[in-house]
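[1] Could you work out the structure for the sequence below:
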Amino acid sequence: MDERIRFVIRLKDGESMAALCREFQISRKTGYKIFERYEECGLEGLTDRARRPHRYANQLPAQIEAAIVAAKREKPNWGARKIRERLLRRLPQEVKVPARSTIHAILDRHGLVTRAKRSRTRTEGTPLSLGASSNALWCADYKGEFRLGNLHYCYPLTVTDHASRYLLLCEAMESNQERFAITAFERLFKERGLPAAIRSDNGVPFASPNGLFNLSRLSVWWLRLGITIERIRPGHPQQNGRHERMHLTLKKEATRPAGANLLQQQAKFDAFIEEFNNERPHEALDMKCPAEVYTSSCRPYQGIQEPNYPFHDKTVVVTNCGRLCLYRKKINLSTCLAGQAVGVKEVDDGIWLVSFMDYDLGYIDLEEKTLQPLPNPFGPKVLPMS
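    Below you'll find the model as predicted:
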């Protein structure tokens, strides 16, 4: 209050409103509001005012609220509309029956409304390939985390070749952060070459719940390397059944008991990899070992090549904050594509098609500065445009 009094006194002494507002670090709107309160109510107008509203929406007499709750308990399958109709028929006409929305809010406050369960995911999976030959399809996942002897958690990152069941990677990680996964995959690609596709679930770091089409930086990097992304449907681990079956064996033979620390646990994993690939026969392979069937990829890892968009009008680099800047207009795309070059082509007046690698992402409306995503970016390839 003292600050407001000094503000008003100096204002009445002739100092300018703009200068005083800058000094007191308030907006001129607030300054005029303080002065108007003083003019109307004197010093009393400068005191702190209660923020409690003068009236509350949907506040009802206790008898009406009790009648609503009693009606619901008597008829538990009735909703707010039927309960309101019942009250209209039973109560005197001079009693004002609340609106249906108010009745529903009262029932919800008393825990008498059953909420519909919402799916936590918007993903639907992608088409899945057969992966009939070595390196046509790799399967990647994190085996469930578990505690080590030092009480730290271990997150095993595993990769297998779908056709040969060859265990390519089983690495003890301290977390499932994206940067650790990228480092592990880079080492694997340098050693074994590149697969045609990688299949995973929809969890991090393989996918991002907030990214465009659930893309993550890891999956974008795979796309830049020319690797097709495959994702199983949420709640359908059987679509990655071979990999999940390997996890069961891994859990029994390499995590019970767990190692004292990450290094000891990695030694257990290394021993498991050796036995699983070179000693353990597999019925689906006619009792051969995976190492007898698997051959390294003929696609060497040579880093990422700059994308080329010969059939687009422009190549634009996505900003670090995930925006596309086109003709001084800023359109939010996705942070997972930060730093990536995309192709844009005007297909109609002010409407631009945006593509990344071989995938069409959606259409940009320059006037509205919005992106309308396409329904299936991992479906048809980008076709040459006339």
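
[2] just the helices in the protein please.
    2-12, 17-24, 28-41, 62-74, 80-90, 100-109, 178-192, 217-224, 241-254, 262-278, 290-293 (DSSP state H).

[3] Residue 149: which of those helices is closest?
    When the helices of the chain are compared by CB to CB, helix 262-278 sits nearest residue 149, at 7.7 Å. For glycine as for every other residue, the C-beta is placed from the backbone atoms N, C-alpha and C.

[4] how about that closest one: buried residues?
    Judged by neighbour count using 16 or more other CB atoms under 10 Å, the buried positions of helix 262-278 are 262, 265, 266, 268, 269, 272, 273, 276, 277.

[5] The fifth one contacts residue 173, doesn't it?
    Which is residue 269. No. Contact criterion CB atoms under 8 Å: residue 269 and residue 173 do not qualify, at 10.7 Å.

[6] where does the stretch 101-250 of the chain have low pLDDT?
    Where the stretch 101-250 of the chain drops to pLDDT under 70, the residues are 115-123.

[7] 80 instead?
    114-124 (pLDDT under 80).

[8] any idea where the strands of it begin and end?
    138-142, 146-147, 153-161, 167-173, 197-200, 228-231 (DSSP state E, counting those that start in this stretch).

[9] can you redo these as JSON lines with mean neighbour count?
    Formatted as JSON lines, the strands of the stretch 101-250 of the chain follow (neighbours: other CB atoms under 10 Å):
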{"stretch": "strand 138-142", "mean neighbour count": "24"}
{"stretch": "strand 146-147", "mean neighbour count": "12"}
{"stretch": "strand 153-161", "mean neighbour count": "22"}
{"stretch": "strand 167-173", "mean neighbour count": "22"}
{"stretch": "strand 197-200", "mean neighbour count": "23"}
{"stretch": "strand 228-231", "mean neighbour count": "22"}
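
[10] for the helices of the chain, which one ends up most surrounded?
    helix 217-224 (a mean of 21; mean count of other CB atoms under 10 Å).

[11] which residues are contacting that helix?
    Defining contact as CB atoms under 8 Å, 6 or more residues apart in numbering, one finds that helix 217-224 is touched by 178, 181-182, 185, 198, 205-208, 229, 304-305, 307, 336-337, 340, 356-357, 359.

[12] again, only this time at 6 Å
    178, 181, 182, 198, 205, 229, 304, 336, 357 (CB atoms under 6 Å, 6 or more residues apart in numbering).

[13] could those residues go into a markdown table alongside distance to residue 327?
    Converted to a markdown table, those look like this (distance: CB to CB, whole Å):
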| residue | distance to residue 327 |
| --- | --- |
| 178 | 33 |
| 181 | 37 |
| 182 | 34 |
| 198 | 37 |
| 205 | 34 |
| 229 | 31 |
| 304 | 28 |
| 336 | 24 |
| 357 | 23 |
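
[14] Quick check: residue 359 vs residue 321, distance?
    Noted for residue 359: a distance of 22 Å to residue 321, by CB to CB, to the nearest Å.

[15] Have a look at those two and say which one is more surrounded.
    Counting neighbours by other CB atoms under 10 Å for residue 359 and for residue 321 shows that residue 359 has the greater number, 20 against 10.

[16] picking up where we left off before, among the strands of the stretch 101-250 of the chain, which is nearest residue 74?
    strand 228-231 (48.9 Å).

[17] partners of the closest one, with directions?
    With DSSP bridges as the test, strand 228-231 is paired with strand 197-200 (parallel).

[18] for the buried residues of helix 262-278, which one is nearest residue 142?
    Relative to residue 142, and with distances defined as CB to CB, the nearest of the buried residues of helix 262-278 is residue 269, at 13.1 Å.

[19] what's near enough to touch the nearest residue to the closest one once chain neighbours are set aside?
    In space, and not counting its chain neighbours, residue 269 is closest to residue 170: 4.4 Å by CB to CB, 6 or more residues apart in numbering. With contact taken as CB under 6 Å, 6+ apart, residue 170 is in contact with 158, 269, 273.

[20] In CSV, list these along with distance to residue 245.
    Output for the contacts of residue 170, formatted as CSV (distance: CB to CB, whole Å):
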residue, distance to residue 245
158, 12
269, 17
273, 16
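
[21] between those residues, which is nearest residue 125?
    residue 158 (20.0 Å).

[22] give me the beta-bridge partners of that closest one?
    Assigned bridge partners for residue 158, using DSSP bridges, are residue 141, residue 170.

[23] ok so, going back, looking at the strands of the stretch 101-250 of the chain, which is closest to residue 47?
    Checked against CB to CB, the stretch from these lying closest is strand 153-161, at 54.9 Å.

[24] On the pLDDT front, check residue 381 for me.
    For residue 381, the model assigns a pLDDT of 40.

[25] Looks like residue 87 contacts residue 99 (just checking).
    No. Here residue 87 lies out of contact with residue 99, judged by CB atoms under 6 Å, at a distance of 11.4 Å.

[26] Nearest to residue 108, out of the strands of the stretch 101-250 of the chain?
    Closest approach to residue 108 among the strands of the stretch 101-250 of the chain is made by strand 228-231 (36.3 Å; CB to CB).

[27] quick revisit: let me know which of the helices of the chain is the nearest to residue 369.
    Closest among the helices of the chain, using CB to CB: helix 217-224, at 23.1 Å.

[28] tell me the angle the closest one makes with helix 178-192.
    Calculated by axes from the mean of the first three to the mean of the last three CA atoms, to 10 degrees, helix 217-224 forms an angle of 30 degrees with helix 178-192.
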